[in-house]
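S.K.: structure here, sequence nowhere to be found:
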């Protein structure tokens, strides 16, 4: 018997499946899922087809409503969804960005090798755990006053670098150079500011982490060398966090506000969480300016954490930062809406590209790719779950043509948190990781079960789909050695 | 009613269904379900209270706003609540006093950080007793 999705989807090739516009009345464009057959059977069970189709209702959407291979059931938008919407007559939707605005990933390289780090990993992870505040309700070591918070919101990570948290070189290897222009703190509620002030410089909880990892595969030596990654066994540091309570409150506020705008502008939506407003309307502009504040907060947050990670390495290995070679490879966001130029049917269009659980993946030569990467393409950082591995890839011409310069953002959940907890105990997960030589320190051991490998799709399979479809190209793979989690 | 609420599986996040003989009770139980995700309700003492007054365009929005207000108080003041007296509730207005205490790490194990209540799958059902459904982003 054919799988139920076989009757719905049009197979384009082994990795591209179209949801026809006729699937649901009201869709303005078709949907497109990047996946292999095995993944589709799981996606079908989750009914994310419906969510991909719902996004296709958003006024001004062009091309197709896209789903990356790590797609899973979200709220409103699916996680792993990309929607490109015309600025001149389309909408912006806070739900298409998510609550954790500019959740993203930052990668640092080192000159250290596995042999040097392994004997000290317990000490290193303990040091990182003390110096990088994490967990539910954690507060940062940084105290910013009202005026300083506004500086964070308008200037982003370059502002905190000026205060001594990092190197000027970090700026050029951060998406948007760590600062969204047009951020306006007056468009942010006092509630968001109150929630965000004590949380600056915290990792948070859930799937956020800081990982010490070892390069175990190099697929493209030329691109790896450009990133300062030279050999198998080299040690890297990966940081995954976002805009904390600040971003959550901005999204909460604007989903409610734009829920009213939907009525005012007479927009037809199949799910209230898709609340949106015309980009050119006052409501749409207000959200864009507030979202930009949250994005700048998130870059500042990752900048602080990178700074403390460097300090921990300096202390544990008694070497200077220069000797350690702890340079930043790149910093990407994977929950964002950005105004970009794309070519649609041979014509240049200004689009608002919503990426919710998807990473920008611009090709070599694109003006927004930093000079040092202009020949290889923008680095794409794809964390897996804490037991498997993570990837570094680069953007391609195909991603620019087919996915509005986007690719996947991680492994993608497969099992709910409570199902994971029912089948696994946190202590057993920690032991299983320890048996494989991975040191883990978590604020809540019980919550480790929620983040176990079994709860996620295999990131190897996800990245394989993006590779075979051509929307990003693998550069290296790394496996974890030490992890801190909230 | 035998149970106050159920926790519902969702791949990335967590849903709750809360029950009540009337709509106020269902709103109260939704709030209790929220704090049961954050910590163990039995460990919370009633030491302080906060008064909450809200308006929203409709009752479903009011439910989301009510839960988001409690998340806000937890995130900014570190208060975990266990008991809720709703003194006024209609389709657009809510008045309540919520009782609980500040988080004490020696006493409370915090389980899950809740980012927000969402409008996805949101439902307020008043047939056969009251039932409300909310999905949280965690």
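M.R.: Alright, I've got the coordinates. All figures in this text were calculated on a predicted structure; none of them were measured in a lab.
S.K.: and the residue nearest the centre of chain B?
M.R.: By CA atoms, centre = their mean, chain B has its centre lying nearest to residue B:31, at 1.7 Å.
S.K.: now do the helices in chain B.
M.R.: B:23-38, B:59-77 (DSSP state H).
S.K.: report whether the shortest one contacts chain A.
M.R.: Yes. Helix B:23-38 comes into contact with chain A (CB under 8 Å from any CB of the partner chain), by way of residue B:38. C-beta: built from backbone N, CA, C; applies to glycine.
S.K.: about what we covered before: got the helices of chain B as TSV, with distance to residue A:340 and mean pLDDT columns?
M.R.: As requested, those are exported to TSV (distance: least, CB to CB, whole Å; pLDDT from 0 to 100):
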stretch	distance to residue A:340	mean pLDDT
helix B:23-38	37	96
helix B:59-77	31	96
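S.K.: state the distance from the residue nearest to the centre of chain B to residue B:48.
M.R.: Computed as CB to CB, to the nearest Å, the residue B:31 to residue B:48 distance reads 16 Å.
S.K.: ok, residue A:223 next?
M.R.: As judged by CB to CB, residue A:223 and residue B:48 stand 57 Å apart.
S.K.: how about the residues of chain B by chain A?
M.R.: Residues of chain B lying near chain A (CB under 8 Å from any CB): B:7, B:9-14, B:38, B:56-57, B:60-61, B:64-65, B:68, B:72, B:74-76, B:78, B:103, B:109-113, B:115-116, B:118-122, B:135, B:137-138.
S.K.: of the residues you listed, grab the buried ones for PyMOL.
M.R.: For the buried members of the residues of chain B next to chain A, the matching PyMOL selection, counting by 16 or more other CB atoms under 10 Å in any protein chain shown, is:
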select buried, chain B and resi 7+10+11+12+13+14+38+56+60+61+64+65+68+72+74+75+76+78+103+110+111+112+113+115+116+118+119+120+121+122+135+137+138
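S.K.: in a strand, residue A:17, correct?
M.R.: Yes. According to DSSP: H, G, I helix; E, B strand; the rest coil, residue A:17 belongs to a strand.
S.K.: surely it and residue A:33 touch.
M.R.: Yes. Using CB atoms under 8 Å, residue A:17 makes contact with residue A:33 at a distance of 4.7 Å.
S.K.: and the two? Which one has more around it.
M.R.: Neighbour comparison, residue A:17 and residue A:33: the larger count goes to residue A:33, with 28 against 25 (by other CB atoms under 10 Å in any protein chain shown).
S.K.: for that one, what are its contacts?
M.R.: Residue A:33 makes contacts with A:9, A:16, A:17, A:18, A:19, A:40, A:43, A:49, A:52, A:66, A:67, A:71, as judged by CB atoms under 8 Å, 6 or more residues apart in numbering or on different chains.
S.K.: rewinding a little: ok, residue A:223 and residue B:48, which is more surrounded?
M.R.: Taking other CB under 10 Å, residue A:223 and residue B:48 do not tie; residue A:223 has more neighbours (23 against 13).
S.K.: quick check: the more buried one vs residue A:350, distance?
M.R.: In this view, residue A:223 and residue A:350 are 30 Å apart by CB to CB.
S.K.: do residue A:243 as well
M.R.: Distance from residue A:243 to residue A:350, counting by CB to CB: 25 Å.
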